[in-house]
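Visitor: With the input below, show me the fold.
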Amino acid sequence: MENAIPRSVLSKFSLKNKLALVTGGGTGIGLAISRAFVEADARVVITGRREDVLKEACDALGKDAHHRTGDVSDLASLPGLVEEIESSLGAIDILVNNAGINLKKDFWEISDEECERIQRTNVLGLFALTREVVKKMIPRKRGVVLNITSMAAMYGLTRVAAYAASKAAVLGLTVELASELGPHGIRVNAIAPGFIFSAMTQKALDTDPERKAKVMGRTPMGRMGQAEEVAAAAVFLCSDAASFVTGVNLPVDGGNSIGF
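Guide: Below you'll find the model as predicted:
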């Protein structure tokens, strides 16, 4: 066919022979990313706190999916997790830092303990896990790290101060690591999902018509996104199709971050 994309271009989107570690990979966006990676011929290891959820996800994903139960906020456990995965399944080529927690509360009502809990999972756990994986990637001179940020790191979403601070930190770390690790052959990027459909998101917006109108009003495409749309961007950024892309924070948001 005259207008067909050359096979050499399509092959760059393949993740064949790659092993990806996806935190929070048992549900939502993490599960969608894991599924897309398997469809792109990668092997995946998903982590999370609930064994039953992870097992069910792996059963659905098939033979190329594995799981490890754990909590990224348990910093002391992370070096052992990385060592065990590499010794049992092979070198980690891709790390997707998807796990995160949120808190919706007026800023002046957020306790120090609540703020610390958010930072420990969203920032310190991500930092520590990435450090341990990168230690393995550096001698191999290759690797990809993909962080999940948020619209909260890009503009002033109200009532999520602790969460916004954590995602702004992740965005800053993404840019710094892209600069520091680039000479070692490691690319570091981020995706900032917009308002992505889930039963929970739909219910939250349906019970708050004013907020729903505001969300839709500043989203040029006029709808919520699907987790699979975030996953497709993840495949691109983690594949050789993005071999000269590092340090970006890609909004997958239907234009929400630039909507008036």
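
Visitor: Pull the number of nearby residues for the closest residue to V145 other than its chain neighbours.
Guide: Nearest residue to V145 in three dimensions, chain neighbours excluded: V188, at 4.5 Å (Cβ to Cβ, 6 or more residues apart in numbering). From N, CA and C alone the C-beta is placed, and that goes for glycine too. Taking other Cβ atoms under 10 Å as the criterion, the count of residues near V188 is 26.

Visitor: Now V188. Its backbone dihedrals?
Guide: Main-chain torsions, V188, degrees, to the nearest 10: phi -130, psi 120.

Visitor: Over to N147?
Guide: phi -100, psi 150.

Visitor: secondary structure class for the nearest residue to it once chain neighbours are set aside?
Guide: Counting by Cβ to Cβ, 6+ apart, N147 lies nearest to A190, which is 4.3 Å off, once chain neighbours are set aside. Secondary structure for A190, judged by DSSP: H, G, I helix; E, B strand; the rest coil, is strand.

Visitor: beta partners of A190?
Guide: Counting by DSSP bridges, A190 is bridged to N147, N249.

Visitor: all helices for the protein, in order.
Guide: Ranges of helices in the chain, per DSSP state H, are 7-10, 28-39, 51-61, 78-89, 112-119, 126-140, 161-181, 199-206, 209-217, 227-238.

Visitor: Can you say which of the ones you listed is nearest to F260?
Guide: helix 209-217 (8.9 Å; Cβ to Cβ).

Visitor: And I85, how close does it get to K104?
Guide: I85 is 33 Å from K104, where distance means Cβ to Cβ, to the nearest Å.

Visitor: Compare the two (neighbour count), which wins?
Guide: Between I85 and K104, I85 has the larger neighbour count (other Cβ under 10 Å), namely 20 against 12.

Visitor: and that one, how far is that from C58?
Guide: 14 Å.

Visitor: What of D74?
Guide: Separation of D74 from C58 (Cβ to Cβ) stands at 21 Å.

Visitor: Comparing the two, which shows the higher neighbour count?
Guide: More neighbours surround C58 than the other of D74 and C58, with 20 against 14 (other Cβ under 10 Å).

Visitor: wait, isn't the more buried one in contact with I46?
Guide: Yes: using Cβ atoms under 8 Å, C58 is in contact with I46, at 6.9 Å.

Visitor: residues bridging contact with the two, i.e. touching both?
Guide: Residues touching both C58 and I46 by Cβ atoms under 8 Å, 6 or more residues apart in numbering: A65, H66, H67.

Visitor: Could I get the buried residue list for the lowest-mean-pLDDT helix or strand in the chain?
Guide: Every helix and strand in the chain was compared by mean pLDDT, DSSP states H and E; the lowest is helix 199-206, with a mean of 78. Using 16 or more other Cβ atoms under 10 Å as the test for burial, helix 199-206 gives L205.

Visitor: Against which helices or strands is that helix packed?
Guide: helix 209-217 (3 or more Cβ pairs under 8 Å, 6 or more residues apart in numbering; DSSP states H and E).

Visitor: Next, the angle helix 199-206 makes with the helix it packs on.
Guide: Counting by axes from the mean of the first three to the mean of the last three Cα atoms, to 10 degrees, helix 209-217 points 110 degrees away from the direction of helix 199-206.
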